[in-house]
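>>> Sequence first, then the predicted structure:
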Amino acid sequence: MVFSSLIFLFFFLPVTLIAYYLWPNRTWRNILLLAVSLFFYAWGEPVYVLLMMASIVVNWVVARIISSRDRLGFWVLAGGVTFNIIGIGVFKYSAFVVESFNTLSGLNMSVPNIALPIGISFYTFQAISYLVDVHRGMVMPQKNPLFFGTYLVMFPQLIAGPIVRYETIEREILERRESSADFVTGFRRFCIGLGKKVLIADTMGAVADTLLATEPTIGAIPAWTAFIAYSFQIYFDFSGYSDMAIGLGKMFGFHFLENFNHPYVARSVKEFWRRWNISLSTFFRDYVYIPLGGSRLSRERWVFNLLVVWSLTGLWHGAQWNFVCWGAYYGILLIGERIVWGRALERLPNMLQHLYMILIILFGWVIFRIEDFSMMGQWFSALFGRYGAGHPSMLNILNVLHYWPWFLVAAIGSTPIMRLFLMWCNNFSRGSYALDFLALAVFVWSSLTLATGGYNPFIYFRF
Amino acid sequence: MHAGNSWSHRFSLLFVIILIAVMGWYVYVGIYQILPKNNGDKTELSTLIGRERKGFPMPYPDRILSGNFQKWMEEAAQENFPFWDKLLPWYGETSRILSRYALAIFPKNWISLYPVWGHTVALIQNGERIVYPPRYYLQSGREKLRMRAEYYNKLAAEHFHVRFYVFAILLSQDWIALSDICISPVADKLKGDKYVREFRSFLHPTIGFSMAGENLSMQEATSLYYRTDHHLNMTGAYHIYRQIHRLFHEKNPAVGIAFKPKKWILLRDIMFYGSLARQAGAYDSISDVLFDGDFRTPSFKITISSTSAIARNKKELYYKGIYPKGKFTNHYGEYFGRDYGLIEYISEKPGHDNLLVIGDSFDNCLEPLLAGHFHHSYFVDIRHYAGQVGEDFNLAAFIQKHRITDVLFLGGEGLILDLSSLNENE
């Protein structure tokens, strides 16, 4: 089940909220959250819910053992992490590994055809972070397996993140206080996230998918339009889901950390990754980069560490070589900024720094979006005018020209202007009404879009 | 964000609770639907609020495990949208207006299509016709086309004594791509026509191939269809019949000369708002007239799914003024007859040539014209065949059993160029 569906909005969510607030007891509320989360997952993955339940049991047991046996703790941790990595490896990467091996070796081993359990990357990483944090003594292991299950598979962040660390909600699992203020702001945040996903991301997705389904010979103007649209699609899609997750969390009394902070206003690659998918980049920083030695070792080792971390970051997004290249692309740029052009970049006017970063992000999305390397080269050629400018009326023939106002909305929505506006509204006694009206309008318009069968792709199946 | 002062906060809370209660109303609707009624899966809500809706399915375990229950629930959720019905056309109309205003800033020669309802249909040429937006084939489509052509080639090789023809009716997507003659300055960049030509090049030369709108200007090709419906109007149907007749005649002169209309019959009182108007959110700014031709074809004995009791069409009733009066009635389906799995025409024409047409709703208006050239004609619609005839369609067995001499694949893109259920049944 996805948030941007009528079945979620008009069945699952109200029933869950009503049932949740009818239970006075914290324990039963947690158990209810676990049950509805499993139902939520089973809606789309009726069989893989067993895999998820196995993950809950194994990780809970492993964490308990880690905390109780000092000497063997590291090895138990290694076993637990290996269990999680094998799980994600089999289900997400086995076909990729065999295909790559076949290509390199010239052999023809049969490629396993295993459906990817949705959200496996998110809950697996949460489990790994939990085991490591228990081993490091940063958190106490959860005694109640049902409560641990609630943390691991809570439906707001189950299929599209953010990756929530146990320490973030450790206390809230046991003694959170739901408040009407949180409930209202959470609902508003959910509505805004829904609008970002359904109204902006899906519209941009329709433009991008339409244009990218043609060929690069379509010309530079349509190609730029396509990748700008895709840049907006992926940002609003992902950050919209994060907003919905954070909003839903608040409605149930949880406070997840922010996952996006207007990444498209960044002026350097380093800043971009402090603003984009924050939970993922901090995961790799804390659980891969720093354990590898981070930047405290020799420059060569640091470069190696960085490339490993960013290739893994890319690979996390999908089992394709273009994702690995996309990650390595950012690794190389980070290295370049650090040791080659970083200082020169800082001396440039702000506008040029923004332009630099926007181009880097956009070219990055070309690598991310186009799986076939030969086609990727052709699309880059198209962007640089190899096939001519292309006539703008092509955009009308492909029925996407009339979406141009959405590009403006998306561009404005990518900056902090909207957040400043919402904060400004809150300064007034009647500002709350304006926010309610805005949330209602966005909710109704998004529901109407969903009801009329609007374009609603689900792009997290790879993640 | 904070919720502001205490009064506005209480207001906001009340507001959110009311909204969630409204959402919860849907749960009642859903549960009401899920509870078994007379026939379990049928909606009864339609009788309460006066519109036809798809019912919610029963949650049987096999359905849940296969994912069908979830899929049908989501479809039913769409059908049973809980807000006020009139919001939907209002939404469509608002979207259309916004889109048209968005296009108003561009030079007129850029604008050949106007959006009506999001991505579904578009108005072309200042409201002359509603069409689907142009389509094109994806990269993977080329492989599909090749496989499809190989399928036809295999058929022709296996049944070398049978004449095979393929006639594609590709709607707007490909006449836009008839690049040589399209008015758009960039139409040559569209790939549809290129791929259709490629498809043709894959076909064995013994297989006759043609497509609707070939060698016509965009304006002419547009006029083959109703303005508000995806089907061919009678002028278009006649034009296409002549193309098909040429294919027949090249391979088998015994089919005789083509029929000519003695007169055109116009049903003046009927305002026809077709499928595209319905999809466009009850779009009724433009409409069609229904007309037919008097072709004096031979008399036929017609049976439908082996039953002769069902009337093939309601032409005679229409002439008497007896027809459904609903604004968005499917007059095409009513007048020419609906889709059936198997329709047989036995003509007065003597001979041994038997025609099998594997098609879809596009050929409903063409049946008498095509059947008039053969002794025995069979019109098969794969989508309905198994359900109505009671067995899977098997082309080889059908050809043998009914001594078919000519096989015509006639229909839209999905049937002709794509891999459809036809292959699965083979």
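Received it, and whenever you're ready, just let me know what you need. Residues are numbered from 1 along each chain as shown, chains lettered A, B, ... in the order given.

>>> Could you use CA atoms for every contact and neighbour count after this?
Fine.

>>> Tell me which residue in the stretch 201-350 of chain A sits closest to chain B.
A:Ala213 (5.5 Å; CA to the nearest CA).

>>> SS state for the most far-flung residue of chain A relative to its centre?
The C-alpha centroid of chain A is most remote from A:Arg71, which lies 36.5 Å away (CA atoms, centre = their mean). Here A:Arg71 is recorded as coil under DSSP: H, G, I helix; E, B strand; the rest coil.

>>> roughly how far apart are it and A:Tyr287?
A:Arg71 sits 21 Å away from A:Tyr287, going by CA to CA, to the nearest Å.

>>> same deal with A:Ser268?
Counting by CA to CA - A:Ser268 and A:Tyr287 are separated by 24 Å.

>>> What of A:Gly314?
Per CA to CA, A:Gly314 is found 16 Å from A:Tyr287.

>>> Looking at the two now, which is surrounded by more residues?
The neighbour count for A:Gly314 versus A:Tyr287, taken as other CA atoms under 10 Å in any protein chain shown, is higher for A:Gly314 (24 against 17).

>>> Distance of the more buried one relative to A:Arg274?
16 Å.

>>> same check, this time on B:Arg146
48 Å.

>>> Please work out how many residues are found near A:Phe91.
17.

>>> B:Thr303 belongs to a strand, doesn't it?
Yes. Checked against three-state DSSP, B:Thr303 lies within a strand.

>>> Skipping adjacent residues, who's closest to the one residue in the stretch 51-200 of chain B that gets nearest to chain A in space?
Using CA to the nearest CA, B:Trp110 is the residue of the stretch 51-200 of chain B that sits closest to chain A, at 4.4 Å. Nearest residue to B:Trp110 in three dimensions, chain neighbours excluded: A:Ser393, at 4.4 Å (CA to CA, 6 or more residues apart in numbering or on different chains).

>>> Poorly predicted segments of the stretch 151-300 of chain A, please.
Along the stretch 151-300 of chain A, segments meeting pLDDT under 70 are nowhere present.

>>> roughly how far is stretch A:214-225 from the heart of the chain?
Distance of stretch A:214-225 from its chain centroid, counting by CA atoms, centre = their mean, to the nearest Å, is 28 Å.

>>> Can you check the distance spanned by that stretch, start to finish?
Start-to-end span of stretch A:214-225 (CA to CA) is 13 Å.

>>> can you give me phi and psi for B:Lys260?
phi -120, psi 150 (degrees, to the nearest 10).

>>> From A:Glu271, how far out is it?
Relative to A:Glu271, B:Lys260 is positioned 75 Å away (CA to CA).

>>> that older thread, for the residue of the stretch 51-200 of chain B closest to chain A, what are its contacts?
By CA atoms under 8 Å, 6 or more residues apart in numbering or on different chains, the residues touching B:Trp110 are A:Pro392, A:Ser393, A:Met394, A:Asn396.

>>> In helices only, show me those residues.
A:Ser393, A:Met394, A:Asn396 (DSSP state H).

>>> what ranges do the strands span in the stretch 301-426 of chain B?
Assigned by DSSP state E, counting those that start in this stretch, the stretch 301-426 of chain B shows strands spanning B:342-347, B:354-359, B:376-380, B:406-411.

>>> Rebuild those strands as CSV, extending it with mean pLDDT and distance to A:Tyr403.
Listed next are the strands of the stretch 301-426 of chain B as CSV, based on pLDDT from 0 to 100; distance: least, CA to CA, whole Å:
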stretch, mean pLDDT, distance to A:Tyr403
strand B:342-347, 92, 45
strand B:354-359, 94, 37
strand B:376-380, 95, 42
strand B:406-411, 93, 33
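
>>> Next, format those strands as CSV and append distance to chain A and mean neighbour count.
Compiled in CSV, those are given as follows (distance: least, CA to the nearest CA, whole Å; neighbours: other CA atoms under 10 Å in any protein chain shown):
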stretch, distance to chain A, mean neighbour count
strand B:342-347, 33, 22
strand B:354-359, 28, 24
strand B:376-380, 31, 25
strand B:406-411, 24, 22
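
>>> nearest to A:Ile367, of those strands?
With CA to CA as the criterion, A:Ile367 lies closest to strand B:406-411 of the strands of the stretch 301-426 of chain B, at 39.4 Å.

>>> Report the mean confidence score over stretch B:290-309.
Stretch B:290-309 shows a mean pLDDT of 83.

>>> what sits up against it?
B:233-234, B:259-268, B:270-272, B:310, B:312, B:331, B:340-349, B:368-369, B:372, B:388-389.

>>> Provide a PyMOL selection command restricted to the buried entries of these.
Entered in PyMOL, the line below selects the buried ones among the contacts of stretch B:290-309, by 16 or more other CA atoms under 10 Å in any protein chain shown:
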select buried, chain B and resi 233+234+259+270+271+272+312+331+340+341+342+343+344+345+346+347+348+349+368+369+372
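
>>> What residues does the residue in the stretch 351-463 of chain A that chain B sits nearest to make contact with?
Residue nearest to chain B within the stretch 351-463 of chain A (CA to the nearest CA): A:Ser393, separated by 4.4 Å. Contact analysis of A:Ser393 by CA under 8 Å, 6+ apart lists A:Leu401, B:Asn109, B:Trp110, B:Ile111, B:Val186.

>>> Name the member of those residues with the most neighbours.
Highest neighbour count within the contacts of A:Ser393: A:Leu401, with 24 neighbours (other CA under 10 Å).

>>> just checking, that residue touches A:His391?
No. Between A:Leu401 and A:His391 there is no contact under CA atoms under 8 Å: 11.7 Å.

>>> which helices and strands sit right next to the longest helix along chain A?
Longest helix in chain A, counting residues (DSSP H): helix A:220-251. If you count contacts as 3 or more CA pairs under 8 Å, 6 or more residues apart in numbering or on different chains; DSSP states H and E, helix A:220-251 packs onto helix A:180-195, helix A:202-212, helix A:350-369, helix A:373-383, helix A:404-413.

>>> give me the low-pLDDT residue ranges for the stretch 301-426 of chain B?
B:306-310, B:418-426.

>>> Dump stretch B:263-280 to PDB, keeping only the CA atoms.
Extracted in PDB, the C-alpha atoms of stretch B:263-280 (Å, rounded to 0.1, in the frame of the first residue of the first chain):
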ATOM      1  CA  LYS B 263     -27.200   6.600 -50.400                       C
ATOM      2  CA  TRP B 264     -26.100   7.900 -47.000                       C
ATOM      3  CA  ILE B 265     -28.500   7.600 -44.100                       C
ATOM      4  CA  LEU B 266     -28.300  10.400 -41.500                       C
ATOM      5  CA  LEU B 267     -29.900   9.900 -38.200                       C
ATOM      6  CA  ARG B 268     -30.700  13.600 -37.600                       C
ATOM      7  CA  ASP B 269     -32.100  13.500 -34.100                       C
ATOM      8  CA  ILE B 270     -29.200  11.800 -32.400                       C
ATOM      9  CA  MET B 271     -26.500  13.800 -30.700                       C
ATOM     10  CA  PHE B 272     -23.700  11.300 -30.300                       C
ATOM     11  CA  TYR B 273     -21.200  11.900 -27.500                       C
ATOM     12  CA  GLY B 274     -18.700   9.100 -27.800                       C
ATOM     13  CA  SER B 275     -16.200   7.300 -25.700                       C
ATOM     14  CA  LEU B 276     -13.700  10.100 -25.700                       C
ATOM     15  CA  ALA B 277     -16.300  12.600 -24.600                       C
ATOM     16  CA  ARG B 278     -17.100  10.300 -21.800                       C
ATOM     17  CA  GLN B 279     -13.500   9.900 -20.800                       C
ATOM     18  CA  ALA B 280     -13.000  13.600 -21.000                       C
END
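
>>> do that stretch and chain A meet?
No. Counting by CA under 8 Å from any CA of the partner chain, chain A has no neighbours in stretch B:263-280; the shortest distance is 10.0 Å.

>>> which bits of the stretch 201-350 of chain B sit near chain A?
Checking the stretch 201-350 of chain B against chain A by CA under 8 Å from any CA, there are no hits.
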